[in-house]
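J.: Provide a 3D model corresponding to the input given below.
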Amino acid sequence: MSLINSQTCQLEIDNKPFSFAVDGVFFTEDSGILFEAKDNIIEHTDWFEQGYSIIDTFSNEAFEKLNLSIKKQVIIGLQKAGVHINDIDNFDLDKYHLYATDDNIHLKVIDHTRNLSNNDFDLDFDNLEQQFSEAVGKQLSSEISELGKSHIQIRINRPNSLDINPPHRDSYLSYYKDILNIWIPISGCNKNSSLPVVPKSHLIAEKDITRTKAKGATINGNTYYVPCISKTSEGELKMIRPNPNYGQSLIFTPFLIHGAAFNGNKNSTRIALELRFEKK
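T.: Numbers count the residues shown, from 1 in each chain. Next up, the predicted model:
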């Protein structure tokens, strides 16, 4: 194992350079591919090699209900952070940054929005379970067995901020090894802000990856549960933004490298929903 101290993480997103400082200890491990194809959730899909796909998910009515549920939770988060909202009925998600005007407020909001469950949303989870199960050809459940509950996160990225997760694999966390990741665009999501991924990266061996340990990466004062992957043996990460439309979902294996969802929009907060479904 080789160790590297804190560094600047440099990568490309849709061929455009992006970099940020990371505090942490980086290392490589002399081991093979963690992803096991046999009996994997995505083993029978036609997007197995890419590691991700986009599927139609919501009707207009269902998406509107979801949007209202997310707005409610974001408002609760702002209120917990001590922010007063004069006109709640006309609160716009893409103007969140006008209320969370500093990092301290934002961190208090995400303390609420990163640990939600099915009961916090007006969603038909039985229907979603069926849809995602059909998409992979395996029966899935919204409950994560190791956690003993569902786990839902609202991702909020203010414009031109470092409100980002580092590039990572969720599979480094034991409770996310046997799941399907689902990323749903809600507001302010477009080619400048949607979630970047590294296609086929679930098939990269550990000996070819430089990363931190879990809870070992701090960006802009925020320490993340997931490790930060800074590069592979081929150099800096080459990421792309699949950019699903509203009403669609980006689905992918937790072994796929993803993150660094820098919001390049000038005046719109980007908000997305993350669900995780486990194989029954």
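J.: only C-alpha atoms for contact and neighbour calcs from this point on.
T.: OK.
J.: For the residue lying closest to Asn245 once chain neighbours are set aside, which three-state class applies?
T.: Distances taken as C-alpha to C-alpha, 6 or more residues apart in numbering place Pro185 nearest to Asn245, at 7.1 Å, with adjacent residues excluded. Secondary structure, DSSP: H, G, I helix; E, B strand; the rest coil: Pro185 is strand.
J.: avg pLDDT for stretch 224-233?
T.: Across stretch 224-233, the average pLDDT comes to 94.
J.: Which positions within that stretch qualify as buried?
T.: 224-232 (16 or more other C-alpha atoms under 10 Å).
J.: ditto for stretch 246-266
T.: Buried residues in stretch 246-266 (16+ other C-alpha under 10 Å): 246-265.
J.: Now do that stretch: distance to the chain's middle.
T.: Once both centres are worked out by C-alpha atoms, centre = their mean, to the nearest Å, stretch 246-266 turns out to sit 6 Å from its chain's centre.
J.: picking that back up, okay, and the beta partners of the residue nearest to Asn245?
T.: Applying DSSP bridges to Pro185 yields these beta-bridge partners: Ala272.
J.: is it true that it touches Ser249?
T.: Yes - between Pro185 and Ser249 there is a contact under C-alpha atoms under 8 Å: 7.2 Å.
J.: Using CSV, list the CA coordinates for the helix or strand Ile54 falls within.
T.: Under the criterion of DSSP states H and E, Ile54 resides in strand 52-56. In CSV, the C-alpha atoms belonging to strand 52-56 read as follows (Å, rounded to 0.1, in the frame of the first residue of the first chain):
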residue,chain,number,x,y,z
TYR,A,52,-25.6,2.5,-15.8
SER,A,53,-28.8,3.2,-17.7
ILE,A,54,-31.6,5.8,-17.9
ILE,A,55,-35.2,4.6,-17.6
ASP,A,56,-38.6,6.3,-17.7
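J.: That strand pairs with which strands, and in what direction?
T.: Strand 52-56 is paired, per DSSP bridges, with strand 248-252 (antiparallel).
J.: for stretch 256-266, what is the average pLDDT?
T.: 96.
J.: My error: substitute stretch 180-190 in the last question.
T.: On average, stretch 180-190 scores 98.
J.: could I get that stretch in CSV with only the CA atoms?
T.: The C-alpha coordinates for stretch 180-190 follow below in CSV (Å, rounded to 0.1, in the frame of the first residue of the first chain):
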residue,chain,number,x,y,z
LEU,A,180,-29.2,-0.6,-7.2
ASN,A,181,-28.4,3.2,-7.1
ILE,A,182,-31.1,5.5,-8.4
TRP,A,183,-30.6,9.2,-9.1
ILE,A,184,-33.6,11.3,-10.0
PRO,A,185,-33.4,14.8,-11.3
ILE,A,186,-35.8,17.2,-9.6
SER,A,187,-34.9,20.9,-10.2
GLY,A,188,-32.0,22.8,-11.9
CYS,A,189,-30.8,19.5,-13.5
ASN,A,190,-29.2,19.8,-17.0
